[in-house]
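Peer 1: Structure for the following, please:
(chains A, B, C and D)
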Number of protein chains: 2
Amino acid sequence: MKKITIRDVARKTGLSITTVSRALDGYDDVAEETRATVVSTAQKMGYIPNRAARQLRRQQAETIGYIIPVHTVGFADPFFSEFIAGLGDEISSQNYDLLVTSAPPASEEERTQYTRWIQSGKVDGIIVNRVRLQDWRLQYLARTKTPHVSMERSLDPINFIGIETDVTSGMLELITHLTNAGHKRIAYIGGDSQLKIEQDRFQAYLAGLSAAHLSFRPEMTTQADLTSEGGYQSAIRLLSQSKPPTAIVCINDLTAIGAMHACHDHHLKVGHDIAVAGFDGIADTAHTQPPLTTLDQPVYDIARQLVRMLLSMIHNETLSEKQVMVKPNLLIRASTNG
Amino acid sequence: MKKITIRDVARKTGLSITTVSRALDGYDDVAEETRATVVSTAQKMGYIPNRAARQLRRQQAETIGYIIPVHTVGFADPFFSEFIAGLGDEISSQNYDLLVTSAPPASEEERTQYTRWIQSGKVDGIIVNRVRLQDWRLQYLARTKTPHVSMERSLDPINFIGIETDVTSGMLELITHLTNAGHKRIAYIGGDSQLKIEQDRFQAYLAGLSAAHLSFRPEMTTQADLTSEGGYQSAIRLLSQSKPPTAIVCINDLTAIGAMHACHDHHLKVGHDIAVAGFDGIADTAHTQPPLTTLDQPVYDIARQLVRMLLSMIHNETLSEKQVMVKPNLLIRASTNG
DNA sequence: CATTTTATCCAAAACGTTTTGGAATTTTAC
DNA sequence: GTAAAATTCCAAAACGTTTTGGATAAAATG
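Peer 2: Down below sits the predicted model:
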């Protein structure tokens, strides 16, 4: 199975390489008739342009990169599957490709991955996620003028392009829902304090409390690592206090799943004796026992839209909206509403 | 931030492009001393070879591809996250890259994705998953002599290279565990009958029944789609019969999670009134309510080993083992052992 | 000392595209 | 009927590497 090059197509059609190339690329300086024959014979011969050659000449990779920011080997947050699926679908629908790898946040490995991809021209743009408060990635991308979009902004004064979730309004709605049900001791299980989502969600939790005229109690908050196991351990600690919480708000769904497990081990019936809520809206939460109340983000759609924004930046088109804000959707289920 | 090419390094060191290239690639026809200066100035200047140029010349992409075989938009099976993480980690540790996209199984889109990547030379090899009984992908890959490895073999007489799970022994263990607990009406929720894993797991289920001297009852099996929602619907159907099952074995964990939810809606206490078991061993299953009994596959490690096999094929090394069989590990938890 | 071997280096070709800057032909305008 | 404009095509350069096939100088051999 020899590879078919543009030269073969040129020979077959009796035209020059130039004309074949331009015919296929839809330039208007080639006659309709010749274009038709070129297109059909190219199709018939199964010609597909060599990517490396095209990239080299065009100085474009037609590829965008995403590095999954995860430390544990064998991570399994469905959030990422959904996100990657969204990226992949939109990217390939635009005839681009998606390069993926994973690297622990803020590690040396992360740094070499980013620089390798960008310096070697393997990618034209980058999608960033799980932004840290001080994040060298955004600084580096800005400095090298690499097109990028992100799901959160950092603290650095770099102009942000991407999509954010309106955590404050969502969290307010959730806490109101809980206080309406009479909850007074509402705990919070968060993540690494360097994470922007942690800051956002924790601040929103505080705002929610104060809106409900509840005072903040340090012993009602703990930090986990965004996994079920972390949620389980943190919830165990919260529940072992003399005055345990009656509701637990979690930074994400995985944490909440672990927290529900911990409640059960403490012989508390989730939804009756204690309320638990998550954040993200991953698919399984509809089928946990009990089904989990969560602030649903349209992760798949966010991913697709991020790609659209990034690609129009790469193509030097002007963005209609550089900063998009989406409202999460509060899904009230049995875990807070037994 | 101009891109630094090999020409710049050559100029700086006063050497030729050739020598710089060969120095960096470790050829032995360059003096130790010059190599040292080349390496250090290249490093200092931040030179990273352009990937497109290198690929074009070498006729190698140093990239391998994986197409997630999934139909629903916004899939979220943690199985895939874990698999992709394994692929990505091993691949980047060998200085290769991983190209990812998704396409519905057996769709036209799938076909164009595969051919586009392979014909255009974007990837040197492919990882295949969720093989169908008749699978054009394996035929195509064999025909085009594209290096590939897979997690299941198809029926076609193509010599298989990859890693399989020993479903039969695992399933036997599981069914024995259930019959020992006195279960006689053991149901099975499967997936698309074209899938190799469906055939394997269903056959293993039948073998397990007959080993326990239980007769197969068609009304005890149903087909879902490997999602929680599908598992829920299928289980509802099973439970609505006049003589419902006392145990349900599921093709994967997601299905089992949905099935547990259905049991709960039927006011059956999972682990007491009915047993439910899954397959895959995704991380959350430790924290479902109740924790799920499952046949755990070391997905992350399988992914890494698949990559190692694929890369040695690409490098024309001889494989010590072309066909590896791994035993799943039966994790007995409360869902069958209340 | 002349010849061969070894150790270093390099010029030029090649990989398969896209793009530039015309050239040749045909059509339109006057 | 001639000049200008439009249409259609193409040769050659360029993208940044790696590799081939020597060239040169130094060392070893006789």
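Peer 1: Minimum distance to DNA strand D, which residue of the stretch 151-300 of chain A gives it?
Peer 2: A:Ile161 (26.7 Å; C-beta to the nearest atom of the strand). Where you see a C-beta, it was placed from the backbone N, CA and C, and this is true even at glycine.
Peer 1: actually the stretch 101-250 of chain A, sorry about that
Peer 2: Residue of the stretch 101-250 of chain A nearest DNA strand D, by C-beta to the nearest atom of the strand: A:Gly121 (7.7 Å).
Peer 1: can you pull out the strands in chain A?
Peer 2: Taking DSSP state E to define them, one finds strands in chain A at A:63-69, A:97-103, A:125-128, A:148-150, A:162-165, A:186-190, A:221-223, A:247-250, A:275-280, A:293-296, A:323-326, A:329-331.
Peer 1: right, so those: which one is the most enclosed?
Peer 2: Sort the strands of chain A by mean neighbour count, taking mean count of other C-beta atoms under 10 Å in any protein chain shown, and strand A:247-250 sits at the top with a mean of 31.
Peer 1: Pull the distance from that one to the chain's centre.
Peer 2: 23 Å (C-alpha atoms, centre = their mean, to the nearest Å).
Peer 1: hmm, that strand in reach of chain B?
Peer 2: No. Against chain B, strand A:247-250 shows no contacts by C-beta under 8 Å from any C-beta of the partner chain, the least distance being 12.3 Å.
Peer 1: List the neighbouring strands of that strand plus their orientation.
Peer 2: strand A:186-190 (parallel), strand A:275-280 (parallel) (DSSP bridges).
Peer 1: sorry, back to before: contacting residues around the residue of the stretch 151-300 of chain A closest to DNA strand D?
Peer 2: Neighbouring residues of A:Ile161 by C-beta atoms under 8 Å, 6 or more residues apart in numbering or on different chains: A:148-150, A:309, A:313, A:319, A:322-323.
Peer 1: Tell me, how many residues neighbour A:Thr112?
Peer 2: 12 (other C-beta atoms under 10 Å in any protein chain shown).
Peer 1: nearest spatial neighbour of A:Met220, skipping sequence neighbours?
Peer 2: A:Ala187 (4.4 Å; C-beta to C-beta, 6 or more residues apart in numbering or on different chains).
Peer 1: Which parts of the stretch 201-338 of chain A are helices?
Peer 2: A:228-239, A:253-265, A:299-314 (DSSP state H, counting those that start in this stretch).
Peer 1: can you tell if the longest one touches DNA strand C?
Peer 2: Looking back up the chat, that one is helix A:299-314. No. Against DNA strand C, helix A:299-314 shows no contacts by C-beta under 7 Å from any atom of the strand, the least distance being 14.1 Å.
Peer 1: Give me the contact list for that helix.
Peer 2: Here helix A:299-314 has contacts from A:64, A:79, A:82-87, A:89-91, A:94, A:96, A:124-125, A:127, A:147-149, A:151, A:161-163, A:280-281, A:318-319, A:322, A:324, A:326, B:73-74, using C-beta under 8 Å, 6+ apart.
Peer 1: now it and strand A:97-103, what's the angle there?
Peer 2: For helix A:299-314 against strand A:97-103, the angle by axes from the mean of the first three to the mean of the last three C-alpha atoms, to 10 degrees is 110 degrees.
Peer 1: Show me which positions of helix A:299-314 end up buried.
Peer 2: By neighbour count on 16 or more other C-beta atoms under 10 Å in any protein chain shown, the buried set for helix A:299-314 is A:299-307, A:309-311, A:313-314.
Peer 1: about what we covered before: could you dump the contacts of A:Ile161 into JSON lines and include distance to B:Cys250 and pLDDT?
Peer 2: JSON lines is the format used below for the contacts of A:Ile161 (distance: C-beta to C-beta, whole Å; pLDDT from 0 to 100):
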{"residue": "A:His148", "distance to B:Cys250": "41", "pLDDT": "97"}
{"residue": "A:Val149", "distance to B:Cys250": "39", "pLDDT": "97"}
{"residue": "A:Ser150", "distance to B:Cys250": "38", "pLDDT": "97"}
{"residue": "A:Met309", "distance to B:Cys250": "40", "pLDDT": "97"}
{"residue": "A:Met313", "distance to B:Cys250": "44", "pLDDT": "94"}
{"residue": "A:Leu319", "distance to B:Cys250": "46", "pLDDT": "86"}
{"residue": "A:Lys322", "distance to B:Cys250": "46", "pLDDT": "91"}
{"residue": "A:Gln323", "distance to B:Cys250": "44", "pLDDT": "93"}
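Peer 1: nearest spatial neighbour of A:Gly65, skipping sequence neighbours?
Peer 2: Using C-beta to C-beta, 6+ apart and skipping the chain neighbours, the partner closest in space to A:Gly65 is A:Val123 (3.9 Å).
Peer 1: for A:Arg22, same thing?
Peer 2: Spatial nearest neighbour of A:Arg22, chain neighbours left out: A:Val30 (5.4 Å); criterion: C-beta to C-beta, 6+ apart.
Peer 1: Also A:Gly230?
Peer 2: A:Ala224 (3.3 Å).
Peer 1: Now for the one you found: which residues touch it?
Peer 2: A:189-191, A:230-231, A:233-234, A:251, A:255, A:258.
Peer 1: Backbone dihedrals for it, please?
Peer 2: Phi and psi for A:Ala224, reported as degrees, to the nearest 10, are phi -120, psi -150.
Peer 1: on that earlier part again, out of the buried residues of helix A:299-314, who's nearest A:Gln43?
Peer 2: Nearest to A:Gln43, judged by C-beta to C-beta, of those is A:Leu311 at 26.0 Å.
Peer 1: pLDDT score for that closest one?
Peer 2: Each residue has a pLDDT score; the one for A:Leu311 is 96.
Peer 1: if we can go back for a sec, which stretch among the strands paired with strand A:247-250 comes nearest A:Pro69?
Peer 2: Comparing those under C-beta to C-beta, the one sitting nearest is strand A:275-280, at 15.1 Å.
Peer 1: quick one: the closest one to chain centroid distance?
Peer 2: Relative to the mean C-alpha coordinate of its chain, strand A:275-280 is positioned 19 Å out (C-alpha atoms, centre = their mean).
Peer 1: And the contacts of it?
Peer 2: Counting contacts by C-beta under 8 Å, 6+ apart, the residues outside strand A:275-280 that touch it are A:79, A:174, A:178, A:181, A:183, A:201, A:246-257, A:259-260, A:263, A:270, A:285, A:292-297, A:299, A:328, A:335-337.
Peer 1: Only the buried subset of those residues, as a ChimeraX command please.
Peer 2: Provided next is the ChimeraX selection string for whichever of those are buried by 16+ other C-beta under 10 Å:
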select /A:79,174,178,183,201,246,247,248,249,250,251,252,253,254,255,256,257,259,260,263,270,285,292,293,294,295,296,297,299,328,335,336
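Peer 1: Can you give me the domain boundaries for chain A?
Peer 2: A:6-49, A:63-165+A:300-328, A:167-296+A:330-336 (automatic domain parsing).
Peer 1: First-to-last residue distance for the shortest one?
Peer 2: Counting by C-alpha to C-alpha, to the nearest Å, the length from the leading to the trailing residue of domain A:6-49 is 7 Å.
Peer 1: Stretch A:41-54 now?
Peer 2: Criterion C-alpha to C-alpha; first-to-last residue distance in stretch A:41-54 is 20 Å.
Peer 1: Quick one: mean pLDDT for that stretch?
Peer 2: When pLDDT is averaged along stretch A:41-54, the result is 95.
Peer 1: Setting aside sequence neighbours, what's the nearest residue to the residue in the stretch 101-250 of chain A positioned nearest to DNA strand C?
Peer 2: Closest residue of the stretch 101-250 of chain A to DNA strand C, C-beta to the nearest atom of the strand: A:Gly121 (13.4 Å). In this structure, A:Gly121 finds its nearest non-sequential neighbour in B:Asn50, 5.4 Å apart by C-beta to C-beta, 6+ apart.
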